[in-house]
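K.L.:
Kindly return the folded structure for what I paste below:
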Amino acid sequence: MSKLRFPDEVRVSQGPKAPWLAIAGGALMIISGLLSWSFDNRILGDIATRFYPAGIQLYSMAIGIIAVMLIVIALLLILRRPESMPDVASEGPSPTEAAALASKGNAGSVYEFSGLKWLTPRQEMREALKAKGFSFVEKDADGDDQFRGRVDGRDAAVIASYAGDKAARIMVILLAPDEGGSLYNGIRQSLADAFGTPARQKDLATIWPERQGSLVWMTITDERLVKINYEAPDWPAEARRRKNGGKPPQ
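P.N.:
Numbering: from 1, shown residues only. Modelled structure (predicted):
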């Protein structure tokens, strides 16, 4: 028997409604216990009397009450999760506060992540990311540098990709799973406020208009992680090279 799986776009758009539908379902179970379950009390006895729950009606109401309580508790925990991050006291703004997804800049300028410039040499890009509070993790098999840190106050992985030895793409992956789709929608709106109306929507990918050959787009992975890509004008050629089996730079 195959497992029922809704498309990601349906889960993102309809997911936030699920808790309220579940609460409504629990409330209906409670209300049903107060109603008559039969028109003839000779068949089902006391449970045919309205507003006089008995027997299985009491069990139904109890299940409904427990279900509503659990759903409300889970919803409160989800809503409070962003606020639960501890504040770190410091004498001034921390370096990670400078790492932001959206920066308006000039309307016609290229897209950049947190002011990092394209074609920056690898070593300089490493130092620039470290200066923003990111920790270098490794250079992966594709020749990309992987970092961990915080972006807009959220734990994130940042992957810097290079064409030759020059920065050509930065990928930001927010590490908290977005089960309900609220984070995706919030980030999408934040980027729209900074970069303007998206050019198009392709499934879960939101794509903004090109700027001097640069591109920014976002999506959500199968693991429910929000991913934002910043691409330099040089990235498409590098992406084709990799797709065709080109080896990463040493």
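
K.L.:
for P121, what are its contacts?
P.N.:
165-167 (Cβ atoms under 8 Å, 6 or more residues apart in numbering). From N, CA and C alone the C-beta is placed, and that goes for glycine too.

K.L.:
Quick check on it: phi, psi?
P.N.:
Torsion angles at P121 (phi, psi; degrees, to the nearest 10) stand at phi -60, psi 150.

K.L.:
Give the bridge partners for it, please.
P.N.:
K166 (DSSP bridges).

K.L.:
List the buried residues for the lengthiest helix in the chain?
P.N.:
Using DSSP state H, we find that the single longest helix of the chain is helix 56-80. Buried residues in helix 56-80, defined by neighbour count with 16 or more other Cβ atoms under 10 Å: 57, 60-61, 64, 67-68, 71, 75.

K.L.:
Quick one: the residues you listed as CSV, columns for distance to L215 too.
P.N.:
Shown next, in CSV, are the buried residues of helix 56-80 (distance: Cβ to Cβ, whole Å):
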residue, distance to L215
Q57, 60
S60, 55
M61, 56
G64, 50
A67, 46
V68, 46
I71, 41
L75, 37
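
K.L.:
Please identify which of those residues is nearest to L183.
P.N.:
L75 (15.4 Å; Cβ to Cβ).

K.L.:
Pretty sure that closest one sits against L21.
P.N.:
No. If you go by Cβ atoms under 8 Å, L75 and L21 don't touch, sitting 11.9 Å apart.

K.L.:
related to what we said a few turns ago, from the chain's centre, how far out does the longest helix of the chain sit?
P.N.:
In this view, helix 56-80 has its centroid 26 Å away from the chain centroid, taken as Cα atoms, centre = their mean, to the nearest Å.

K.L.:
and if you look at stretch 229-246?
P.N.:
Mean C-alpha position of stretch 229-246 versus that of the full chain (Cα atoms, centre = their mean) differs by 25 Å.

K.L.:
Report the buried residues of that stretch.
P.N.:
229-235, 238-239.

K.L.:
Kindly report the same for stretch 121-140.
P.N.:
122, 125-126, 128-129, 132-134.

K.L.:
show me what contacts S60?
P.N.:
By Cβ under 8 Å, 6+ apart, the neighbours of S60 are 29-30, 32-33.

K.L.:
Show the average pLDDT along the one helix or strand I30 maps to.
P.N.:
Element membership for I30, per DSSP states H and E: helix 18-32. For helix 18-32, mean pLDDT rounds to 82.
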